[in-house]
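1. Quick one: sequence and predicted model below, then my questions.
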Amino acid sequence: MLYVIMGKSSSGKDTIYRKLMEDNELKLNKIITYTTRPARAGEVEGNEYHFVDEAKMNEMDINGKIIEKRAYDTVYGVWNYFTADDENVKIDRNNYMVIGTLDSYEQLRAYYGEKKVMPIYIEVEDGERLARALEREREQDEPKYSEMCRRYLADEQDFNAERLEKLGIKRKYFNNDIQQCMSQIKEQILMTSD
């Protein structure tokens with residue numbers, strides 16, 4: 001089974017993902033996705049992402065290795081995020097977790113099959129989300145406040161109720177209390193894992 005954690009920016013996806021991956025009872029494997037954006041402070045190549053340039057991404061695309069891809073026209077240029085079939089994922093033998101978007105979830109579900117991909121949608125009240133985003137951006141060596149604002153507004157469109165319904169995402173995990181949120185997600189994973 002492949003679990004795809006999704007939610008608007010600063011909803012706590014990264015923290016929840018990291019803690020669930022550390023939970024040995026869940027036996028989850030990591031899929032390391034790719035990006036053409038620069039690494040943020042503290043990010044390590046091959047840990048959060050594979051950081052590649054556009055030439056490498058285009059080479060992988062030509063060779064039919066890209067499963068899903070998203071491009072964001074940021075104030076710093078186009079940043080691409082993608083999942084590649086780099087032969088490290090054995091979905092029939094293991095359970096995996098990845099952080100994604102609605103677009104990536106839709107494409108992963110099309111690639112691996114609806115019965116093998118489960119959405120985990122994280123939700124946080126918008127004011128709290130904005131406060132978290134600002135706090136995170138202040139910690140960067142070179143804060144990108146305009147990009148933070150663009151992402152916040154784009155998420156309102158990207159994660160609208162109509163889209164969630166179209167993709168069959170009915171269950172939401174509210175991250176008001178991270179321990180309670182993670183407990184609910186863990187329970188769901190244990191019930192559905194292979």
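-> Sure thing, it's come through. Numbers count the residues shown, from 1 in each chain.
2. got the domain boundaries for this structure?
-> 1-31+91-194, 32-88 (automatic domain parsing).
3. can you redo those as CSV with mean neighbour count and mean pLDDT?
-> C-beta: built from backbone N, CA, C; applies to glycine. Supplementary listing: these in CSV, determined by neighbours: other C-beta atoms under 10 Å; pLDDT from 0 to 100:
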stretch, mean neighbour count, mean pLDDT
domain 1-31+91-194, 16, 91
domain 32-88, 15, 91
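4. Tell me where the protein has strands.
-> 2-7, 28-30, 33-35, 49-51, 66-74, 77-84, 95-99, 117-123, 172-174 (DSSP state E).
5. Check the offset of the longest one from the chain's centre.
-> Shown here is strand 66-74, whose average C-alpha point lies 12 Å from the average C-alpha point of the whole chain (C-alpha atoms, centre = their mean, to the nearest Å).
6. now swap in the second one and tell me
-> The gap between where strand 28-30 is centred and where its chain is centred comes out at 14 Å by C-alpha atoms, centre = their mean.
7. for it, packing partners?
-> Applying 3 or more C-beta pairs under 8 Å, 6 or more residues apart in numbering; DSSP states H and E, one finds that strand 28-30 contacts helix 13-22, strand 95-99.
8. quick one: contacts for the nearest residue to T74 once chain neighbours are set aside?
-> Distances taken as C-beta to C-beta, 6 or more residues apart in numbering put E147 closest to T74, at 5.3 Å, once the chain neighbours are dropped. Applying C-beta atoms under 8 Å, 6 or more residues apart in numbering to E147 gives the contacts 74-76.
9. now the residues you listed in TSV, with distance to I99?
-> Listed next are the contacts of E147 as TSV, based on distance: C-beta to C-beta, whole Å:
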residue	distance to I99
T74	18
V75	22
Y76	21
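10. Nearest to C181 among these?
-> Using C-beta to C-beta, T74 comes nearest to C181 of those, at 28.6 Å.
11. what bridges to the closest one?
-> G77 (DSSP bridges).
12. Kindly report the same for P119.
-> According to DSSP bridges, beta-bridge pairing links P119 with V4.
13. now do the one 4 residues further on
-> Counting by DSSP bridges, E123 forms beta bridges with F174.
14. So it is in contact with N175, correct?
-> Yes - using C-beta atoms under 8 Å, E123 is in contact with N175, at 6.8 Å.
15. joint contacts of those two?
-> Joint contacts of E123 and N175 (C-beta under 8 Å, 6+ apart) are 7, 11.
16. Quick check: phi and psi on the nearest residue to Q140 once chain neighbours are set aside?
-> Spatial nearest neighbour of Q140, excluding adjacent residues (C-beta to C-beta, 6+ apart): A41 at 5.5 Å. Main-chain dihedrals, A41, degrees, to the nearest 10: phi -60, psi 130.
17. how about A41, what does it touch?
-> Counting by C-beta under 8 Å, 6+ apart, A41 has contacts 139-141.
18. which one of these sits closest to E25?
-> For the contacts of A41, with E25 as the reference and C-beta to C-beta as the criterion, the closest is E139, at 31.3 Å.
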